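Trainee: The following comprises the amino acid sequence and a computationally predicted model.
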Amino acid sequence: MTDIDEQPLTATAGGFEVDQPRIARAVREILEAIGEDPDRDGLQETPKRVAKAYAEFFAGLHQDPAELLGTTFDIEHDELVLVKDIPFYSTCEHHLVPFHGTAHIGYIPGRDGKVTGLSKLARLVELYARRPQVQERLTTQIVEALMAHLDPRGAIVVVECEHLCMSMRGVRKPGAKTVTSAVRGQLRQPATRAEAMSLILGK
Ligand SMILES: Nc1nc2c(ncn2[C@@H]2O[C@H](COP(=O)(O)OP(=O)(O)OP(=O)(O)O)[C@@H](O)[C@H]2O)c(=O)[nH]1
Ligand SMILES: [Zn+2]
């Protein structure tokens with residue numbers, strides 16, 4: 001077990017200390033700017049609470065995927081490994097409101113049989129989701145991390161999300177889903193890709 005297993009996604013993940021007092025000051029400013037009284041009963045602790053929440057939302061910025069995927073096992077399996085329906089929340093970098101949904105991650109282990117723990121795939125989603133993000137980059141970063149650190153024959157990542165910036169504001173289309181995918185190596189071959197997609201979509 002590596003250190004990262006013990007390490008929750010906290011404000012100090014990766015050794016970076018999020019400046020919570022600075023966030024709290026900014027939140028107080030926002031409350032004043034919308035015409036609220038930040039000193040009224042219900043709001044007094046809000047700047048501090050938001051600062052703590054932000055530190056959690058963005059803890060992935062300071063985590064290293066190499067460390068996360070550093071623990072591997074030699075398991076004889078040269079066919080698809082797929083973890084699907086990994087739920088996650090991220091933050092849209094355009095509006096700083098959530099987008100959320102599920103990620104599906106598959107890979108075909110490489111010739112030297114590097115296989116990672118299944119939980120590490122879910123942790124990898126968290127690592128990249130807990131940053132100011134766009135869905136396309138999130139999808140690509142996950143697949144690139146798999147390729148770089150597991151050296152697999154191929155990898156596929158499919159992400160399905162609802163963006164609250166499209167639901168609760170702006171165009172206001174609650175329920176609209178965005179689907180992105182990124183495919184590398186042998187999983188680009190039509191038959192292999194089709195097998196992975198049918199496993200992902202066959203709920
Ligand atoms: N491609 C992509 N776009 C995103 C993502 N999250 C939010 N957006 C879009 O980012 C765009 C920002 O557009 P702008 O015109 O700069 O901002 P805006 O005036 O707030 O746009 P509206 O949402 O249309 O009101 C919007 O179209 C959002 O839907 C994402 O993950 N990927
Ligand atoms: Zn947005």
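Mentor: Structure received. Ligands and ions are numbered 1, 2, ... in the order given.
Trainee: Enumerate the residues of the chain near ligand 1.
Mentor: Residues of the chain found near ligand 1 (CB under 6 Å from any ligand atom) are 92, 94, 134, 135, 136, 163, 165, 166, 170, 171. From N, CA and C alone the C-beta is placed, and that goes for glycine too.
Trainee: switch the cut-off to 5 Å
Mentor: 92, 94, 134, 135, 170 (CB under 5 Å from any ligand atom).
Trainee: how about those in TSV, adding neighbour count?
Mentor: What follows is the residues of the chain next to ligand 1, written out as TSV (neighbours: other CB atoms under 10 Å):
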residue	neighbour count
92	18
94	12
134	16
135	19
170	13
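Trainee: and these, which of them are in helices?
Mentor: residue 135 (DSSP state H).
Trainee: Looking at the residues of the chain next to ligand 1, which one is closest to residue 29?
Mentor: residue 94 (20.4 Å; CB to CB).
Trainee: Could you check how far that closest one is from residue 50?
Mentor: Separation of residue 94 from residue 50 (CB to CB, to the nearest Å) stands at 19 Å.
Trainee: Residue 170 now?
Mentor: Taken as CB to CB, the span from residue 170 to residue 50 is 22 Å.
Trainee: average pLDDT across stretch 132-147?
Mentor: For stretch 132-147, the mean per-residue pLDDT is 98.
Trainee: can you tell if it touches ligand 2?
Mentor: No - Stretch 132-147 lies apart from ligand 2 when judged by CB under 5 Å from the ion; the minimum separation is 8.4 Å.
Trainee: which parts of that stretch are buried?
Mentor: 133-135, 138-147 (16 or more other CB atoms under 10 Å).
Trainee: Which of the residues you listed sits closest to ligand 2?
Mentor: Nearest to ligand 2 among the buried residues of stretch 132-147: residue 134, at 8.4 Å, using CB to the ion.
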